[in-house]
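[1] have a look at this prediction, sequence included:
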Amino acid sequence: MSEPAVVTASELAGRSGVAAASARRWWILGVVGLAQLMVVLDATIVNIALPSAQHDLGFSNADRQWVVTAYSLAFGGLLLLGGRLSDLVGRRRMLIIGLVGFAAASALGGAATSFAVLVIGRGAQGAFGAMLAPAALSTLTVTFSDPAERGKAFGVYGAIAGGGGAVGLLLGGFLTEYLSWRWCLYVNVIIAVVAVAGAVRLLPSYPRNPDVQIDWPGTVLEVTGLVAVVYGLAEADTKGWGAPTTVVLLVAGVVLLAAFVLVEQRVQHPLLPLRIVLNRFRGGAYLAIGLSAIGVFGIFLFLTYYLQLTLAYSPVKSGLAFLPMIAAIIAASTTSSGVLMPRVGPRPLIPVGLLIAAAGLAILAAQLGLRTSYPVWILPSLILVGAGLGVVFGCALNTATYGAGAADAGVAAALVNTNQQVGGSIGTALLNTLAASALTSYVLAHGHSPLDLAQAAVHSYVVGFWVSAAILVGAAVVCALVLPSGTLTLNARPSAPPAARPREEMSARDSRAV
């Protein structure tokens, strides 16, 4: 009679252990989500705080761009290095270093008594963010290997990545209006304390990976190339595409990045193993992330301007206006990545998501006027854009890191953030330039009366929305051509060392995935 009882107790213990491990994974998702939220919030929350910070610290409009540029240069330039360091010294260690450093830099910027200190704090935020973001995403990649659980986890992560910018607008509005612009930076300290406590408690410690080494020649080329491109795009936004500085920086950046690719083909331990991007699943996902970042920039920038300057919404009310889009992103991201993609794969979903978001932008462009109704036209458009972006982010983030292997998880995750950063910088420069040109042309054609100026501003937003919609449609076509058919079913173990898997077959249905 005792043997069945022993077996039953053993089975119960095994089930309890499995349940505990599963619960632990979802708590890790919470830590990773907080880390990603810190990075994404900073893309918009500081923009809300800028006017108040400029008034307090007394810096000029020309200097104001450096509060944004200092962050983007450090973040964009150091991402791949941060990803490789995560593979080298361990995701847990880099995640904690990134969280603590980002919090300290945020505290420095929030306490700034001069413009120089604020810019230094923002640059340090970018540098530690470049360590934090790849470590967070690669932690998620290696934590969730089961396709069903992975889909749900990346659905949640995609919702944070897609909706965090809108959350930043809302939170930034509340903090600036009711506390101080400084709390737009201090809030990162609160988030980091919770995330660090969770990381220390939940994340396992991994030894140094002997198969990973830093490719210093490639690192120098990649960092200088990306810094030149991001800086060149920032200059294009303020000085124009034909300015000598813009042209020199962009040309130099392209040349340096081309040299980087050539170096990576020849070194034994490349910073960016080309097998990561040459896989059609991952390559298509990176394209989707980068191209959608270009097109989506318009929804945050131009609609925020429209709500506040044309409809006279307060910062808080403007942030609340984006809440339905956040809800749509969350619902679509979790549903598409967790339910639909395991069944049909990313190829049909990502292009459809891009087209849905483009439809939302097209409705805004067609209906926007001086007194456009929020519930009648703007709200449905935001829901469409949110639903489309949720599908794109949930599926693309899952696909971009799938099957990269433990030794490449950090750099594969870094490429996600690099594409977002470069895409956002291109969107900033391109759409701002086109909108400014449209505004000038309208004023020259119609006059300078207050009504004409107001209509010119709306016309510039309309142009921005149409261009954004066109970019998303083009992205849908490109992704449909690049992404292969099939689901993300590995034929090889994802944790196999790089040397053991020169070719990765990510789809059992399509051997042309690579």
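    Now that the structure is in, tell me what you want to look at.
[2] following the helix or strand harbouring residue 133, which helix or strand comes up?
    When elements are assigned from DSSP states H and E, residue 133 belongs to helix 115-143. Sequence-wise, the next helix or strand downstream of helix 115-143 (DSSP H and E) is helix 147-178.
[3] for the helix or strand that that following helix is followed by, packing partners?
    Moving toward the C-terminus from helix 147-178, the next helix or strand (DSSP H and E) is helix 183-202. In terms of contacts (3 or more C-beta pairs under 8 Å, 6 or more residues apart in numbering; DSSP states H and E), helix 183-202 is packed against helix 2-41, helix 45-57, helix 91-110, helix 147-178. Every C-beta, even on glycine, is put in place using the N, C-alpha and C of the backbone.
[4] take these and write them to TSV, including mean neighbour count, mean pLDDT and distance to residue 375.
    Putting those into TSV (neighbours: other C-beta atoms under 10 Å; pLDDT from 0 to 100; distance: least, C-beta to C-beta, whole Å) gives the following:
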stretch	mean neighbour count	mean pLDDT	distance to residue 375
helix 2-41	15	68	27
helix 45-57	19	81	24
helix 91-110	23	92	37
helix 147-178	23	79	18
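[5] quick one: least confident helix or strand in this protein?
    Lowest mean confidence among the helices and strands of the chain (mean pLDDT, DSSP states H and E): helix 2-41, at a mean of 68.
[6] export the helices and strands packed on helix 183-202 as CSV, with columns for distance to residue 308.
    Formatted as CSV, these follow (distance: least, C-beta to C-beta, whole Å):
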stretch, distance to residue 308
helix 2-41, 19
helix 45-57, 10
helix 91-110, 24
helix 147-178, 10
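[7] tell me which of these sits nearest to residue 79.
    Across those, residue 79 has its closest neighbour in helix 2-41 (10.6 Å, C-beta to C-beta).
[8] excluding its backbone neighbours, what's nearest the residue positioned nearest the centre of the chain?
    In the chain, the residue lying closest to the centroid (C-alpha atoms, centre = their mean) is residue 420, at 4.8 Å. Among residues not flanking residue 420 along the chain, residue 293 sits closest, at 4.9 Å (C-beta to C-beta, 6 or more residues apart in numbering).
[9] which residues does the one you found contact?
    Residues near residue 293 by C-beta atoms under 8 Å, 6 or more residues apart in numbering: 419-424, 426-427.
[10] and it, what helix or strand is that in?
    Per DSSP H and E: residue 293 is located in helix 280-305.
[11] please compute how far that helix lies from its chain's middle.
    In this view, helix 280-305 has its centroid 9 Å away from the chain centroid, taken as C-alpha atoms, centre = their mean, to the nearest Å.
[12] my read: residue 169 touches residue 46, true?
    No: checked against C-beta atoms under 8 Å, the pair residue 169 and residue 46 is beyond contact range at 11.0 Å.
[13] returning to what we had before: so which of the helices and strands packed on helix 183-202 gets nearest residue 355?
    Of these, nearest to residue 355 by C-beta to C-beta is helix 147-178, at 16.1 Å.
[14] what's the angle from that closest one to helix 115-143?
    If you take axes from the mean of the first three to the mean of the last three C-alpha atoms, to 10 degrees, helix 147-178 sits at 160 degrees to helix 115-143.
[15] helices along the stretch 351-500 of the chain, start to end?
    Secondary structure of the stretch 351-500 of the chain (DSSP state H, counting those that start in this stretch): helices at 379-401, 409-446, 450-482.
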